[in-house]
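Colleague: I'd like to go over a predicted model; first the sequence, then the structure.
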2 protein chains.
Amino acid sequence: MGASRAGRQTELTPGAQRVLQAASRLFYERGIHAVGVDLIAAEAGVTKKTLYDRFGSKEQIVVEYLSRRDERWKEFLARRLDAAGPAPRERILSVFDAAREWAQDRSAKGCAMVNAHAEISDPEHPAHPVIVGQKQWMLALFEDLLAQAGAADPGPAARTLMLLHEGALVAHGLDVFADPVAHARRQAEAVLDTVLGPDGGGLR
Amino acid sequence: MGASRAGRQTELTPGAQRVLQAASRLFYERGIHAVGVDLIAAEAGVTKKTLYDRFGSKEQIVVEYLSRRDERWKEFLARRLDAAGPAPRERILSVFDAAREWAQDRSAKGCAMVNAHAEISDPEHPAHPVIVGQKQWMLALFEDLLAQAGAADPGPAARTLMLLHEGALVAHGLDVFADPVAHARRQAEAVLDTVLGPDGGGLR
DNA sequence: TGCCCACTATACAGATCGGTATACTCAGCG
DNA sequence: CGCTGAGTATACCGATCTGTATAGTGGGCA
């Protein structure tokens, strides 16, 4: 049910949209605990009454923030995978291309899920499955893509791609060296060369 | 100058040591912003007066927490590097062995520096150089070790080892799959095979 | 003996936290 | 006209935040 790509955004009242937009920016830039609901309401041009009428609690805003960010990343990635064409090797590398662009203009401070996990200790927190779920989804995606590329045992290679991907996001967030996601993509190529053969999956 | 491995810990009064110990545990397990000074003092069996007499501010406790953790990791790593012997290849791999043990019994929630960075937005925060400094130190360490192993161009390989290392810590903290640091070590071996040759650096 | 240091106990200040309450405006719509 | 949904403005709740103040205890040391 619903307008697929338009998403649930349109279900929100204008004020609620501004609340979520402001909260998402503030949570990512300053951290979840460092941002109070008064600031969110002020930045959204909304009173706390409206904020609580729409979301009920700060915790729920956090869940919406992470869920929607997860959703937007998956949609962004899906478009890039479509654009990459059918060649399995290129599809895998397009994940890193997508991550690079995403990191450059939406993730200057690293992965929002990893950062949120640093602040949410309680595994019972409703945001916890969203965070862990995205990482497991990414691992499963790498496994699927590798299997489609003809890898005999996609598990280990998928885990390697996972490490390169996560490591690159951290290095990008802390600005350890220039363009770490591009470096991760080059290493992913080497992994694919080993697993699939130098032209495996690509031109077969 | 001073008692090298004994560290600055002995310079602290008994109460101050307990404060720092309690704060370090709480900051790591629950996050920095989620922990107040009242809780720290209570857990340390100390009054807030003592806490402020010794440290002056919560911010300073945060700086001490990260600095000392950084210091302990470097000391731990130095001992593992010594124990690894002179063979450059084994020395590089011993970094991952050290990281594995460190992660298993002191970093169940991922890298403390990365987690702290998620909460500290201000680059002017006195803890910021400690965080970024450790990552740059690790990158420089990989470069040094690779150069000692005879790598012609240690830069790119060092960055790859960095991505594997950071990615493994994240995967470990989020429990994405089992024993990611061991997996990172195996991939590091493959990197060394490529850069140094299958027995390069090791037996020469 | 007398001093100093580390520490305890208690209370409080000023600000901010998440969350709630009352009362009002205003546009769209049947 | 009158209703409803969305939002505004303001005031308040109890709790907690960082940080400070006053007063007192007890051991080591010269």
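Modeller: Done, it's in. Numbering: from 1, shown residues only, chains lettered A, B, ... in the order given.

Colleague: the longest helix seen in chain A near DNA strand C at all?
Modeller: Of all the segments assigned as helix in chain A under DSSP state H, the longest by residue count is helix A:58-83. Yes. Helix A:58-83 reaches DNA strand C (Cβ under 7 Å from any atom of the strand) through A:58-59. The C-beta positions use only the backbone N, C-alpha and C, and glycine is treated the same way.

Colleague: without its sequence neighbours, what residue ends up closest to A:N115?
Modeller: Computed as Cβ to Cβ, 6 or more residues apart in numbering or on different chains, the closest residue to A:N115 that is not its neighbour in sequence is B:A118, at 3.6 Å.

Colleague: the nearest residue to A:A84 once chain neighbours are set aside: neighbour count?
Modeller: For A:A84, ignoring the flanking residues on the chain, the nearest one in space by Cβ to Cβ, 6+ apart is A:S94 at 3.7 Å. Here the neighbour count serves as a burial measure; for A:S94 (other Cβ atoms under 10 Å in any protein chain shown) it reads 21.

Colleague: where does chain A dip in pLDDT?
Modeller: Counting by pLDDT under 70, chain A has low-confidence residues at A:1-10, A:198-204.

Colleague: spell out which helix or strand contains the residue of chain A found nearest DNA strand D, please.
Modeller: Distances between chain A and DNA strand D by Cβ to the nearest atom of the strand are smallest at A:G15, namely 2.6 Å. With elements taken from DSSP states H and E, the one containing A:G15 is helix A:14-30.

Colleague: and A:M162, how many neighbours?
Modeller: 25.

Colleague: contact partners for the residue nearest to it when sequence neighbours are not counted?
Modeller: With Cβ to Cβ, 6+ apart as the criterion, A:M162 has its nearest non-adjacent residue at 5.2 Å, and that residue is A:L139. Shown here is A:L139, whose contacts under the criterion Cβ atoms under 8 Å, 6 or more residues apart in numbering or on different chains are A:158-159, A:162, B:176-177.

Colleague: strands of chain A, start to end?
Modeller: Applying DSSP state E to chain A gives no strands.

Colleague: for chain A, which segments count as helices?
Modeller: For chain A, applying DSSP H gives helices covering A:14-30, A:37-44, A:48-55, A:58-83, A:88-106, A:112-119, A:128-148, A:154-174, A:180-196.

Colleague: so which elements touch the fifth one?
Modeller: The one in question is helix A:88-106. The contact analysis (3 or more Cβ pairs under 8 Å, 6 or more residues apart in numbering or on different chains; DSSP states H and E) places helix A:88-106 against helix A:58-83, helix A:128-148, helix A:154-174, helix A:180-196.

Colleague: need the winner for burial among those.
Modeller: Ranked by mean neighbour count under mean count of other Cβ atoms under 10 Å in any protein chain shown, those are led by helix A:154-174, which reaches a mean of 25.
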